[in-house]
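Trainee: Give me the fold of what follows.
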Amino acid sequence: MATVGTPNPQGRRPWRYSTLGAILLSPDFYIGVPLGLVCSLPVVFSRTVASSAQTVLLGMSAISGALVALVLTAVSVLVVVVTPAFGKFIDQTPSGLSGLMRPYRWVIGICAISCAVSVVAALSWPWIQSIWLLRLVAVGLPLATLMWGLGGCLQIIGLTTKIIDQSRQVSELDERAQKLRQRA
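Mentor: From the prediction side, this is the model:
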């Protein structure tokens, strides 16, 4: 039996360890997207809810923009906190700094899409509010991506905390190694 993450006989990694698999099998996706779609259903079944959807869409756009700012702040914290010793450690990994930043880029992109789609849906709402399928898409897509991005932000917070802790540990180990070299 092959161990987890090892290539199969054809030399390829299992699908769940590919970039697409990592995204689609992440809890922020498989919980956030269906939750967002379910939460958009009242717009289809209630004219009262549909009448206030334009305001809600603009609010969702603001929240998505704030999530982008949150992730950019986390990236800024990493730039300041990551030590040179940890930077050398990251450079030795196969994907390097680019791989470390991949989740941050994905969450920023998802939240930016949610922000843009929310604005477009709010601006087009007067023309699409009478067609139930367009109402569902106009509210469902930005709400699904917003929930996906929100779940991604929760994971980003945990990832940033872990990276900061690992950077501190690598820095301490590097200081110990330098002291040992000076003694020798």
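
Trainee: State the mean pLDDT of the strand or helix carrying Val79.
Mentor: Using DSSP states H and E, Val79 sits within helix 53-81. Helix 53-81 carries an average pLDDT of 94.

Trainee: Please point out which parts of whatever helix or strand comes next after it sit buried.
Mentor: Note on helix 53-81: by DSSP H and E, the next helix or strand toward the C-terminus is helix 84-91. For helix 84-91, burial by neighbour count (16 or more other Cβ atoms under 10 Å) applies to Ala85, Phe86, Phe89, Ile90. (Each C-beta comes from the backbone N, C-alpha and C, glycine too.)

Trainee: repeat for stretch 115-133
Mentor: Cys115, Val117, Ser118, Val119, Ala121, Ala122, Trp125, Ile128, Gln129.

Trainee: Go ahead and confirm Ser118 touches Leu67.
Mentor: No. When contacts are counted by Cβ atoms under 8 Å, Ser118 is not listed as touching Leu67 (11.8 Å).

Trainee: list residues touching both of those two?
Mentor: Contact criterion Cβ atoms under 8 Å, 6 or more residues apart in numbering; residues shared by Ser118 and Leu67: Leu146.

Trainee: between the buried residues of helix 84-91, which is nearest Ala50?
Mentor: Checking these against Ala50 by Cβ to Cβ gives Ile90 as the nearest, at 48.8 Å.

Trainee: separation between that closest one and Lys162?
Mentor: According to Cβ to Cβ, to the nearest Å, Ile90 and Lys162 sit 13 Å apart.

Trainee: on that earlier part again, among the buried residues of stretch 115-133, which ones are in helices?
Mentor: Among the buried residues of stretch 115-133, the members found in helices (DSSP state H) are Cys115, Val117, Ser118, Val119, Ala121, Ala122, Trp125, Ile128.

Trainee: Tabulate the residues you listed in a markdown table, adding columns for pLDDT and distance to Ser26.
Mentor: Output for these, formatted as a markdown table (pLDDT from 0 to 100; distance: Cβ to Cβ, whole Å):
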| residue | pLDDT | distance to Ser26 |
| --- | --- | --- |
| Cys115 | 97 | 21 |
| Val117 | 97 | 20 |
| Ser118 | 97 | 22 |
| Val119 | 97 | 26 |
| Ala121 | 96 | 25 |
| Ala122 | 96 | 28 |
| Trp125 | 95 | 31 |
| Ile128 | 93 | 31 |
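
Trainee: between those residues, which is closest to Leu173?
Mentor: Taking Cβ to Cβ as the measure, Leu173 sits nearest to Cys115 out of those, at 41.1 Å.

Trainee: picking up where we left off before, can you add distance to Glu175 and give the ones in helices among the buried residues of stretch 115-133 back as a markdown table?
Mentor: Shown next, in a markdown table, are these (distance: Cβ to Cβ, whole Å):
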| residue | distance to Glu175 |
| --- | --- |
| Cys115 | 43 |
| Val117 | 48 |
| Ser118 | 48 |
| Val119 | 49 |
| Ala121 | 53 |
| Ala122 | 53 |
| Trp125 | 58 |
| Ile128 | 61 |
